[in-house]
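Asker: for reference, the sequence and a predicted model appear below.
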Amino acid sequence: MKGADEVLLVIDVQNDFMPRGALPVAHGDEVVPVINRLASAFSHVVLTQDWHPAKHISFAEHHPGRAPFDMATLSYGQQVLWPTHCVQDTDGAALHRDLHVPNARLVIRKGHHVDVDSYSAFMEADRKTPTGLTGYLRDVGAKRVYCCGLATDYCVAWSALDARSAGFEAVIIDDACRAIDLDGSLARAWEQMTAAGVSRIGSTDLLR
Ligand code: VGL
Ligand code: ZN
């Protein structure tokens, strides 16, 4: 059992990111049994949910003439325009029904401001609005954050990078993640994570 200073952060294991969802991540459902096993090895688990208002600025449908996966320039920088996904209180925004993490203590919902996206569980895409997770983790004495879930190259990577920026150790559990991989985004994410000192392990390193 992992100690009190080690937290498992389970990112966006939601229906819309599953293979039949609105923003499908290939093989996204395969992380569910792996995460279920991992969760029982941690005394402290935190979940996140992508949780957008229906008129969210990241949705391509609100940008006339633009298509999903186009890039747009917004007030805070470059933004991928996504298919409408994880709308607050819809079935698509619900956690996968087979995700079984009874010991999760906190659910962070992110991306709830209509005009700012938030891939990261720590900081919104304007890079100045905190979600509160940094303060929470410091308050409970966390030192190391193990990241898993969807998608490796967006919400998982941004969360791991922000965990490092906030002074935590960050570890990606690779086989408990799946990627979107848009135009080389997965390789770029790994370059950034490696440079930032994010480490990479497999679930068997924790479960044996
Ligand atoms: C995510 C794209 C848009 C993610 C969320 O969970 O990685 N990706 N919103
Ligand atoms: Zn989103």
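Answerer: Noted; the coordinates are in hand. The structure presented is a predicted model; accordingly, all values stated were derived computationally and were not measured. Ligands and ions are numbered 1, 2, ... in the order given.

Asker: quick check: Val156 touching Ile172?
Answerer: Yes. Using C-beta atoms under 8 Å, Val156 is in contact with Ile172, at 6.7 Å. In short, each C-beta sits where N, CA and C put it, glycine included.

Asker: between the two, which contacts overlap?
Answerer: Shared contacts of Val156 and Ile172 (C-beta atoms under 8 Å, 6 or more residues apart in numbering): Cys147, Cys148.

Asker: out of the two, which sits in the more crowded spot?
Answerer: Higher neighbour count among Val156 and Ile172: Val156, with 31 against 24, using other C-beta atoms under 10 Å.

Asker: wait, what's in contact with the more buried one?
Answerer: Contacts for Val156 (C-beta under 8 Å, 6+ apart) come out as Ile11, Cys147, Cys148, Gly149, Leu150, Ile172, Cys177.

Asker: quick check: nearest residue in space to the fifth one, chain neighbours excluded?
Answerer: When you say that, I think you mean Leu150. Leaving aside its sequence neighbours, Leu150 sits nearest to Phe17 (C-beta to C-beta, 6 or more residues apart in numbering; 4.4 Å).

Asker: and for the fourth one?
Answerer: Excluding its sequence neighbours, the residue lying closest to Gly149 (C-beta to C-beta, 6+ apart) is Ile11, at 3.3 Å.

Asker: which helix runs longest in the chain?
Answerer: Secondary structure of the chain read by DSSP state H shows that its longest helix is helix 185-195.

Asker: for that helix, name the packing helices and strands.
Answerer: Here helix 185-195 touches helix 157-165, going by 3 or more C-beta pairs under 8 Å, 6 or more residues apart in numbering; DSSP states H and E.

Asker: convert the helix it packs on to CSV, retaining C-alpha atoms only.
Answerer: Taking Å, rounded to 0.1, in the frame of the first residue of the first chain, the C-alpha atoms of helix 157-165 are listed here in CSV:
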residue,chain,number,x,y,z
ALA,A,157,0.4,15.4,-19.8
TRP,A,158,-0.7,18.9,-18.8
SER,A,159,-1.6,17.7,-15.3
ALA,A,160,1.8,16.0,-14.9
LEU,A,161,3.7,19.1,-16.1
ASP,A,162,1.7,21.3,-13.7
ALA,A,163,2.3,18.8,-10.9
ARG,A,164,6.0,19.3,-11.5
SER,A,165,5.7,23.1,-11.7
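
Asker: what angle sits between it and helix 185-195?
Answerer: Angle of helix 157-165 versus helix 185-195, following axes from the mean of the first three to the mean of the last three C-alpha atoms, to 10 degrees, is 10 degrees.

Asker: pLDDT averaged over whichever helix or strand comes after helix 157-165 - what is it?
Answerer: Per DSSP states H and E, helix 157-165 leads on to strand 169-178 as the next helix or strand towards the C-terminus. Taken as a whole, strand 169-178 has an average pLDDT of 98.
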